[in-house]
Structure formats: C-alpha cells, structure tokens
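Colleague: Quick one: sequence plus predicted model below, questions after.
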Amino acid sequence: MNDSQFSAPAHLTESAEFLLRSILEDSPYDQGAPPHIDWWIMALLAKRGPMAQDLNPGLDVENLVETLRLRLQDSEGMPTVPVESLVERACSIARARGKEKASDRDVLKAVLEYLQNPAATTTPARETAAPFFAAKQQRPIPTLEKFGEDLTRLAAKGKLTPVLGREDEIRQVMETLCRAKKRNPALVGPAGVGKTAIVEGLAQRIVSGDVPGPLQGCRLFSLPASSMVAGANLVGDMEKRMTALLEEAGQNGILLLIDEVHSIMGAGGSQGRNDIASLLKPALARGDIACIVATTDVEYRKYITRDTALERRFNPVSVNEVSPAVTLEILKAFRDSLAARRSVVVGDEVLESLIRMAGRFIRNRLFPDKALDLLDHCVASAMTQGKKEVTPGEARAIVQKRVGMPLDTVSGIKDLEKRAQAENFLTAADLADIIYRLQTTTEDMDLAPREPNLSLLLHGEAAGVAGNLALAIAQSVFGAVNRVVRVDFSSWSQDNHINALVGSPAGYVGHGDPLPHDPVQQTPWCVVLWENIHLCHPNMRALLAKIMQSGKLVDNRGRATYFSDVVIIATAGSGRAPGPSTTSIGFEVEDGAPGSNHHHARALEEEVGEVLFGQFDLVISQAGARSTAGPMWKQKNLLKITAQRYASRGLEIEWDDTFVKWMTDFHEHPTELRDWEGLLDEHVNPVLRNLLRGNKIDRPAKVIVRNQDGDVIIEPAKTGGE
C-alpha cells in the first residue's frame, strides 16, 4: 500500500481514517516514503493533544512538540514507520479491548508506544547507520529530550568514535550502575585522558546489548549545566525544570551524565542553596536516579570532597593517562574516521611520530588528547593546502609550529656562533661549549630530556654580558628577541618571598595573579634569565635547583610549568675574574696567586649553594676580550633599531663614527643591552623627541648625531645641494 495514496482498510473507523489521511497529506517527505516516527508523534499531538494527555497523565504536550521539532532538524538515520505497520498495531490494540475497528485513539496509542519502545512499530530509515535499540522507559521524557543529548541515539546512528583501551573503566562504571544504592559513578582524572569517551563507550555497549540485564535498553542522556540554566530567568524556573527533569530521570531505563560536574556548583543559584547541585542531592540520596559524573582530580577535591553529603553519593572511578601503545590504537581509529570524512591519508609512521613528539614536546597535556589534537591539526592543515596525504616531515613542521619550536635549529645555532664571535662577549672556549650543548639538546640527542636544554651560571666579568647572550640565543636559535623571560632575584631575600615564584596560597592576597614564569607556559622554547640568584633566600635557591633537576615548577594553582626546552642563564656576583673561564671562577684576587682557582670556585659554590651550583651545565666567569666588533654590533643592532623607530615618524638619523666610538669608550667593561639603551635615552632621545614635537614645517628631514669633546651634538644633516 502506498502511503501517499492511502486507502482506508476495513478495520479503521472513519475518524481514524480521516486522521491518517490528514497527516499523510501534510507530510513533507517524498511521495511513498514513510514519515519519521517523530513526525507522526508531532502531527498527532497537534491534532489530538488532549487525547494524548489523557492516555499519558503528566505529558507536557507543548514541550514535547518543541523537542520533536528540534530533533527533526537532524533527521538523518531517524526510525520511520510505514502506515500499514501503524494500522496493524492500532488494530491489535483495538482487538485487545474488544473492538472490531481501530479508532483514532488506538492510532494515537500505537504511535506513542515509540516513547516506550522505538523498535516496536518502526523500520530503520534508508540512511540509518545502525538499528535503534529498544528503550525501556515507560513515560514520556520531554524535558530530557529538550535539555539533554541522547548519547544512545548517537551511538545507534554510528556517530560516536569507537572507544579503545578503557574496558576496565567501563566495567567499573557498569558495576556501579547495577548497584541497588549509590549507583552514581564519578569519573575522576586529569583533563584529556578520555573521561567522556568512557561514557560514550558505555552508550555504544548499551546499543549493542553488551551490558548486564539492568542496563539493557537504557537511554543515556548528557546534561550540560549550561543547558539546564539557559532561559531560567524567573524565580522558581530552575526548581520547576529540575523537578520535571528528575521525575523523568527517576524511571527505570534512564541514565544521566553530567560532565564537568564541578560546574553545577552554584549554577542556577548561590552555591549550596537553590543551585543545581543542591537540587540533585536529595534524588541522589534516595537513589531515585542513576547519574554518571566526570571531573578532574583537583576539581573533585575542591568541590565534591568538601561537601560530605554530596561525596557520599558517588563512587569514584579513577581514570589515568593511557599508554603510548593504546594511544596508537586510538589514533588509528580516529585516523580512519577522518579519512572517511576528509579524504586525507595518514600513515602509521606519521601516527607514531606524532605520539613521540607529543610525549616529548607537549608535557603539560596528557594522552590520548594531545596526540588526537595533533592528528586533527595535521589533517586540517593538509586540507587547507589541498593535499591528500600527511607526510612525516609535514607532521613534524606542524608540531614545531604548534609548540613554538624553531623550525631550523641547525641554522639558528650557526647564526648564534657567528654573532657571538662578532660581538665577542664570551671566550672562544666557552662559546664552543655552549654551541656543542645546544646542538646536542635541540637535536633530541640529550640523555636527560627532562632537564633544560642548556643551563649557564655567569659570574664576575661574564655576568655583565648575560643580557646580550640571552638576546643573542633568543634571536638566533628561537627566532625572536622577545623570547627572553627575565626574573631578578635581588629583592627576594625573605623566606616568604618564595610565593613570588609559586604564587600565594588559596585564600591569600595575590592568589591567581600572574607569575614571573607564566610566559614559559605559552612559549616553552625560550631563554630564562635569572639575575642575582646569590641575593635571594636559600629556600628560593633550593627551589631553583629543584626546577633544574626535575624540569618543571608546580605553582600553588596546581599548574605545572615545564623548563625542559628552555635555556637558563643565571647570574651571580660581579667583578672581574682572572685566568681561563672554566677554571677560574668567582671573586677577584691577585692573578697567579697559589690556589686562587680553587678558592674562586669554592667561594662561588658557597655563595650560590652547593645543590644549585651542581645543577648548571657550565659556569663561566670571563667575558670575551674587547675588540672592534663591539662598536660594529652596536651600530648594526641597537643604533639601527633606534633609527628605524624614528624613521617611522619621519625623522632620518645618521650615526657619526665619533658617536659610536664615544659609546664604546663610555663604559670600561662590556655592559648589557639595557645599559646602552639607557645611555641613548639620557643623551639622545630627549632631543630627538623635542624635534618630533616641533613645527613640522621647520623640522629637519635628517639629522646627524656626533660627539665632540664628550658632548653629544645633534644637528640637521647637510643635503646634497647645500
């Protein structure tokens, strides 16, 4: 029988025949195609709403119609019901109550049976990925349908990614759900380990029937806190909504998931009073609902554990990071899913390299999330470039960009070597040691990858060039001069000053404020310059030693900052040290004095602390010999940058050789870049800024800066015609 050309069978009443004809005439589906079951329900409720409420006491017709309308927007894979099947079921209901013909009431009851068992009267749609399972709840659930997401429906449509390597955790969740009391599993683990995926795996098992008897036919709804509070503007709206939701969830066959459960604390009201959590607790206490929650270890302790009444309702299930081997299997499944949707090929070699690089360079996140993220990024990058395959080289370049790692460290280190030789701020021997160490660590040849790529302690004369060295490494190796994180320890001499590094404890002033090493979180490939570490409190120096040894700093917010990829340059003391840098360390004594080298090293070790002193790769006390390279560098870098700044304002500057020589002779020993900048700001910039403020008509287009008898002179430059 063709649905679009419906002819009434002998066992339908006239009113039932009229009802079916009117519904089929309004159907938006292709001629002959059976309507989706949600369309049947929505059309019947529109025409026979009071009758439906009579058949199902407590049914909220308005909410149910709105829910069905939203679901029909994504009707792919939704079960359908041919009219002949519907008529047959309606006639069976009529015969059961002793009637020869089925009325419109019997037709309505046959359609509403879908709410109890969607497979009872339906056939799969033509595009359905998997048959919808037989749900067993008995009453309509319009509130859950409206505010929640049915994970079992998504699993039935094949829209959930297969879950691998979590069999034990899924089994623990099922055991808790099958308990008579406290059947509320709490998935507790760090972010990114796959807590939500475990629940999706449970939904897939429910659909396939691979669950114990009490879970057969259950429907699993995810309830975000944001959706539960959305639109609840008036007083009492939240309570009404939660009451209806809990009443629907209390029937047999409904499971709830509240991801990020800590977000419900205070949601919809003040914390502990009229919020979602306080409204949930009575239902959890009575065992009326079965609720799975997920949160991190920190949030569980912060919000759940301290609420003893709420904590007793949950059974924690620990979720830990999966191994690289399991991550590889997860990546393969995700790779195949992406290939079907994106048509981009990713080989096993690329997957293995992504796992290695994720473990090496992304230390503040966990498997499998960080590896999945990299794979998704690689496929997206290939799509934007019109490529059909991701190669190992392209994958590595994408990861390097993602973590801020320089793309060509080999060329960068060579550039550093040339620049350091030209500027001559270190001896040739010390420079060779630095270059060798950087070559080893940046090429993944380091035997201690947790520790910093390079750690230097500059003392005495070498301390004066620490800033220049930091800028040179940042620009040459890491590609930007702003990749220097400078921390001055000279004012942190008290025990409580350690909070300046790790942050104030919770509840104290300053908790949550920015910390000195926060930039390392965003750009782990950088130079960290610790100045005057000999002046800080011993406890702080002990913390610095721990940072260098473990390669990370955990602050009072529980957040880890990793130093595995940084270059640490520390300074201690001042003055000039005699003799070769690697053996003559420390304070100035008479050259050639017996045992002076040993005394220098011992004095520095006592000043810095034995533990911290032993963590540095190199200890350097001697700067490079002065040469003509110093003035050349200042002219090519500092003075060039300053001239560019004024050129953007319309003022061209020419630096006379007399001024460059005066700058070079101004300080007896090499100094840091900021000292030279201060020199310019004192003697040159005030005059140049006054020129910019003056009348534009009278302003010279070009000036020359020279020195005469120790005085800085700035005057208009002569043009070619003058």
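Modeller: Yep, it's here. Numbering: from 1, shown residues only.

Colleague: So, low pLDDT: which residues of the stretch 501-650 of the chain?
Modeller: 574-599, 625-637 (pLDDT under 70).

Colleague: Tell me which other helices or strands the strand or helix carrying Glu417 touches.
Modeller: With elements taken from DSSP states H and E, the one containing Glu417 is helix 409-423. Counting contacts by 3 or more CB pairs under 8 Å, 6 or more residues apart in numbering; DSSP states H and E, helix 409-423 packs against helix 428-442, helix 466-476, helix 629-636. Placement of C-beta: from N, CA and C, glycine included.

Colleague: tell me the most buried of these?
Modeller: When the helices and strands packed on helix 409-423 are scored by mean count of other CB atoms under 10 Å, the highest mean neighbour count falls to helix 466-476 (a mean of 24).

Colleague: Run through the neighbouring helices and strands of that helix.
Modeller: helix 409-423, strand 454-459, strand 484-488, strand 527-531, strand 567-572, helix 673-683.

Colleague: With only the CA atoms kept, save the fifth one in PDB.
Modeller: What it means is strand 567-572. Extracted in PDB, the C-alpha atoms of strand 567-572 (Å, rounded to 0.1, in the frame of the first residue of the first chain):
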ATOM      1  CA  VAL A 567      67.900  27.800  28.100                       C
ATOM      2  CA  ILE A 568      68.600  29.000  31.600                       C
ATOM      3  CA  ILE A 569      71.100  31.800  32.100                       C
ATOM      4  CA  ALA A 570      71.800  32.700  35.700                       C
ATOM      5  CA  THR A 571      74.000  35.500  37.100                       C
ATOM      6  CA  ALA A 572      75.700  35.700  40.500                       C
END
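
Colleague: Next, give phi and psi for Pro514.
Modeller: Note on Pro514: backbone dihedrals following degrees, to the nearest 10 are phi -60, psi 150.

Colleague: What count of nearby residues applies to it?
Modeller: 9 (other CB atoms under 10 Å).

Colleague: same question, Gln494
Modeller: Gln494, neighbours per other CB under 10 Å, totals 12.

Colleague: what pLDDT does Glu423 get?
Modeller: Note on Glu423: pLDDT of 79.

Colleague: Go through the helices and strands packed on helix 466-476 and find the least confident stretch.
Modeller: Across the helices and strands packed on helix 466-476, helix 673-683 gives the lowest mean pLDDT, at a mean of 76.

Colleague: okay, and the helix or strand of the chain with the least pLDDT?
Modeller: Using mean pLDDT, DSSP states H and E, the weakest-scoring helix or strand in the chain turns out to be helix 629-636, at a mean of 51.

Colleague: where's the most centrally placed residue in the chain relative to Arg483, distance?
Modeller: Taking CA atoms, centre = their mean as the criterion, Arg365 is the residue nearest the geometric centre of the chain, at 7.8 Å. According to CB to CB, to the nearest Å, Arg365 stands 21 Å off from Arg483.

Colleague: just Ala601 next, same as before
Modeller: With CB to CB as the criterion, Ala601 and Arg483 are 31 Å apart.

Colleague: which one of these two has more residues nearby?
Modeller: Shown here are Ala601 and Arg483; by other CB under 10 Å, Arg483 has more neighbours (24 against 18).

Colleague: Hmm, that one is touching Trp525, no?
Modeller: Yes - using CB atoms under 8 Å, Arg483 is in contact with Trp525, at 7.2 Å.

Colleague: Show me the strands in the stretch 501-650 of the chain, by range?
Modeller: 527-531, 552-554, 560-562, 567-572, 618-620 (DSSP state E, counting those that start in this stretch).

Colleague: Just the mean pLDDT for the strand or helix carrying Thr196, thanks.
Modeller: Here Thr196 sits within helix 195-208, counting by DSSP H and E. Mean pLDDT, computed over helix 195-208, is 93.

Colleague: would you list the helices and strands packed on helix 409-423 in a markdown table and tack on distance to Val207?
Modeller: Putting the helices and strands packed on helix 409-423 into a markdown table (distance: least, CB to CB, whole Å) gives the following:
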| stretch | distance to Val207 |
| --- | --- |
| helix 428-442 | 49 |
| helix 466-476 | 55 |
| helix 629-636 | 69 |
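
Colleague: among these, which is nearest His36?
Modeller: Among those, helix 428-442 comes nearest to His36, with 59.1 Å by CB to CB.

Colleague: which stretches of the stretch 101-250 of the chain aren't confidently modelled?
Modeller: 114-138, 231-235.

Colleague: mind listing what the closest residue to Asp656 other than its chain neighbours touches?
Modeller: Spatially, and ignoring its direct neighbours in sequence, Asp656 is nearest to Arg706 (3.6 Å; CB to CB, 6 or more residues apart in numbering). Contact analysis of Arg706 by CB atoms under 8 Å, 6 or more residues apart in numbering lists Asp656, Thr658, Phe659, Val712, Ile713, Glu715.

Colleague: How much space separates the first one from Val703?
Modeller: The gap separating Asp656 from Val703 is 11 Å, by CB to CB.

Colleague: cool, and the last one?
Modeller: With the distance defined as CB to CB, Glu715 ends up 7 Å from Val703.

Colleague: And these two? Which one has more around it.
Modeller: Taking other CB under 10 Å, Glu715 and Val703 do not tie; Val703 has more neighbours (18 against 11).

Colleague: Next, count neighbours for the closest residue to Lys387 other than its chain neighbours.
Modeller: Of all residues not flanking Lys387 in the chain, Val344 sits nearest, at 7.3 Å (CB to CB, 6+ apart). Number of residues near Val344 (other CB under 10 Å) recorded here: 18.

Colleague: Numbering from 810 from now on, please.
Modeller: Happy to do that; since the first residue is 810 now, the last one works out to Val1153.

Colleague: Quick check: the gap between Leu917 and Ala911.
Modeller: Taking CB to CB, one finds Leu917 at 10 Å from Ala911.

Colleague: next one: Pro843
Modeller: Pro843 is 18 Å from Ala911, by CB to CB.

Colleague: now, which of the contacts of Arg1515 sits nearest Ala1315?
Modeller: Distances from Ala1315 to these, taken by CB to CB, are shortest for Val1521, at 53.6 Å.

Colleague: Write down the beta-bridge partners of the closest one, one by one.
Modeller: Asn1516 (DSSP bridges).

Colleague: residues in contact with it?
Modeller: Phe1468, Trp1471, His1492, Val1493, Val1514, Arg1515.

Colleague: and the least confident of these?
Modeller: Out of the contacts of Val1521, that is Trp1471, at 85.

Colleague: Leaving out chain neighbours, which residue sits closest to that one?
Modeller: Nearest to Trp1471 is Asn1516, by CB to CB, 6+ apart, at 3.9 Å.

Colleague: what number of residues lie near that neighbour?
Modeller: 19.

Colleague: go on, the one 4 residues further on?
Modeller: Using other CB under 10 Å, the number of residues around Asp1520 comes to 9.

Colleague: residue contacts, the closest residue to Leu1225 other than its chain neighbours?
Modeller: Closest residue in space to Leu1225, ignoring its immediate chain neighbours: Ser1285 at 3.8 Å, by CB to CB, 6+ apart. Residues in contact with Ser1285 (CB under 8 Å, 6+ apart) are Gly1221, Ile1222, Asp1224, Leu1225, Arg1228.

Colleague: and if you look at Pro1347?
Modeller: Pro1347 touches Gly1418, counting by CB under 8 Å, 6+ apart.
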